[in-house]
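Q: The following comprises the amino acid sequence and a computationally predicted model.
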Amino acid sequence: MCGVAGLFTGCTALAPCPPPPPVPPGAGGPPYPAAPADAPADGSPYGPAPYRSPFGDWYERVAARPPLRRTLVLPAGTAPFSPALAPVTGHPLVRALPAPARTRLLALHAHRYLDFTARLEHLVVNRTALGIAHGTLGVELPEEMRFDAYKLYCDEAWHALTAADLARQLRHATGVAAPETGAPAFLARLATVREAVGPRSAQLAELVFVVCSETLVSATLPAGAEDPLMPVALRDTLRDHARDEARHHAYFAAFLRLLWARLDARQRRTAGRLVPRAVAAFLGPDLPALRADLAAAGLRPGEAEQVLAETHPPHAVAAYGREAARPALRHFAELGALDDPYVREELAAHGLSWDGHVT
C-alpha cells in the first residue's frame with residue numbers, strides 16, 4: 001500500500017484551476033434551496049443541528065504556534081522519509097538496491113507527499129473555503145460558519161506553505177529534485193468525477209470530495225506524526241497538521257449536515273453516489289507515479305511491475321480503502337445517505353460497504 005491515508009504518491013494531470021465562477025442559485029448551477037419539505041429543522045438526521053464553531057480558540061492557538069519555518073535536518077544515515085510509510089521500500093528487490101538508490105526512492109516519496117498536501121490544500125480545499133466565506137456556493141450558511149471559513153483558509157494555506165518549503169529544503173538536503181511526472185493523481189480523478197456528473201452537479205461533486213478528504217485525513221495523520229523513523233521536521237509538521245485537521249473534520253461534518261438539509265431527493269441521491277467515487281479518488285494508490293519512482297531508483301520495468309504487484313495486490317488495496325473510508329462514510333450514514341439502494345450499489349462497485357451501524 002502507499003502508506004497511511006494522507007501520505008500519498010501521485011502524478012498525472014492537474015484539474016482545472018481556477019474553475020468557472022460558482023453560479024448563484026437559480027441561475028443554472030446546482031441550486032440548494034433553503035430546505036426541502038422533507039428536511040426537518042430540529043436537528044434530526046435529515047436536518048441541520050445548530051452550528052457550534054470548532055474554531056473558538058483559533059487566535060490563541062495560532063499565536064501559540066511554533067516558529068513559522070520547520071527546518072529539515074538530515075544527519076548522516078537518516079532517511080528522508082519513513083520506510084514504514086513507503087511500503088515498496090520493504091520489497092526484496094528494493095532492499096537489494098544500493099543504499100543511495102533506496103534513499104533516492106524515499107526522497108521521491110517525501111516529495112510526492114509534500115506536493116499532494118500543497119495542491120490539495122491550495123487547489124481544492126481552499127477553493128471550497130473561499131466559496132463558503134464569500135457565500136458563492138449557493139448554500140445558505142450561518143454567519144459564524146462563513147467567518148470560520150476564513151480561519152480554515154489560513155490553516156490550509158499554512159499547510160501548503162510548509163509543505164512547499166519542506167520540499168525545497170528536501171531538494172537541497174538530498175540533491176533529489178521533485179519528480180517531473182505531473183500533479184498528484186487525485187486531481188485528475190476529481191476532474192474525471194466532475195466531468196462524469198456534468199456541469200449541473202460538478203460543484204456538488206467537489207463539495208462531496210472536500211468533505212470526504214477532510215474527514216478522512218484527520219483520522220490518519222497521527223500515524224506519521226508519531227513515527228520515529230520520520231525526520232523530525234516532517235514529524236512535527238504532521239503533528240501540527242493533525243491538530244488543525246481535527247477541527248477541520250468537525251467543521252466539514254457540520255457543513256455536510258447543513259448542505260444535506262438543502263438538497264432535494266434527487267440531489268441527495270447524486271451526492272450519496274458521489275461518496276465512493278470521491279473516496280476512491282482520494283485514497284487510490286498512484287501506480288504510475290510509483291512505477292516512475294522505482295525506475296528512477298534503478299529497477300528495470302519488469303522488476304518495478306513485480307514490486308507493484310506484490311505490494312499493491314487488489315485485495316489489499318480494497319481492504320485498505322474500506323478501513324480508511326470509515327470516518328467519512330460514518331458522517332454520510334448518519335444522514336441516511338447510505339440507505340439508498342443505488343448508493344449501496346455504487347459503494348459495492350468501488351469495493352466499499354457500510355454495515356448500517358453508526359459507531
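A: Now that the structure is in, tell me what you want to look at.

Q: Look at the nearest residue to Pro142 once chain neighbours are set aside and give its secondary structure.
A: Spatial nearest neighbour of Pro142, chain neighbours left out: Tyr51 (4.6 Å); criterion: CB to CB, 6 or more residues apart in numbering. For glycine as for every other residue, the C-beta is placed from the backbone atoms N, C-alpha and C. Of the three states, Tyr51 takes coil according to DSSP: H, G, I helix; E, B strand; the rest coil.

Q: Please name the residues that touch Tyr51.
A: Pro142, Glu144, Met145, Ala254, Leu258 (CB atoms under 8 Å, 6 or more residues apart in numbering).

Q: cool, and Gly135?
A: Leu141, Arg146.

Q: State the phi and psi torsions of the residue nearest to Pro142.
A: phi -80, psi 130 (degrees, to the nearest 10).

Q: for stretch 259-279, the distance to its chain's centre please.
A: 18 Å (CA atoms, centre = their mean, to the nearest Å).

Q: Could you tell me which residues make contact with Val124?
A: Ala15, Leu187, Leu190, Glu206, Phe209, Val210, Ser213.

Q: quick check, nearest of the residues you listed to Glu305?
A: Leu187 (24.9 Å; CB to CB).

Q: For that closest one, the count of nearby residues, please.
A: 24 (other CB atoms under 10 Å).

Q: Check Pro92 too.
A: 9.

Q: What ranges does the stretch 201-350 of the chain have for its helices?
A: Per DSSP state H, counting those that start in this stretch, the stretch 201-350 of the chain carries helices over the ranges 221-225, 232-261, 265-283, 287-296, 301-311, 314-334, 341-349.

Q: Any idea how far the longest helix seen in the chain is from the middle of the chain?
A: Looking across the chain with DSSP state H, the single longest helix is helix 143-174. Relative to its parent chain, helix 143-174 has a centroid offset of 14 Å by CA atoms, centre = their mean.

Q: pLDDT on stretch 71-82, on average?
A: Stretch 71-82 comes out with an average pLDDT of 91.

Q: Just give the closest residue to Thr162, not the sequence neighbours.
A: Thr237 (5.5 Å).

Q: That neighbour and Leu166 touch, don't they?
A: Yes: Thr237 is within contact range of Leu166, at 6.5 Å (criterion: CB atoms under 8 Å).

Q: got any ranges where the protein has weak pLDDT?
A: 1-49, 66-68, 218-220, 222-223, 356-359 (pLDDT under 70).

Q: Spatially central, which residue of it would that be?
A: Ser213 (3.7 Å; CA atoms, centre = their mean).

Q: Leaving out the residues flanking it, which one is nearest to it?
A: Counting by CB to CB, 6+ apart, the nearest residue to Ser213 once its immediate chain neighbours are dropped is Phe282, at 5.0 Å.

Q: wait, isn't that neighbour in contact with Glu214?
A: No: counting by CB under 8 Å, Phe282 sits too far from Glu214 to count as a contact (10.0 Å).

Q: How about stretch 175-185, which residues are buried there?
A: Val176, Ala178, Pro179, Thr181, Gly182, Ala183, Pro184, Ala185 (16 or more other CB atoms under 10 Å).

Q: what bridges to the fifth one?
A: So the one you mean is Gly182. Beta bridges link Gly182 to Thr12 when assigned by DSSP bridges.
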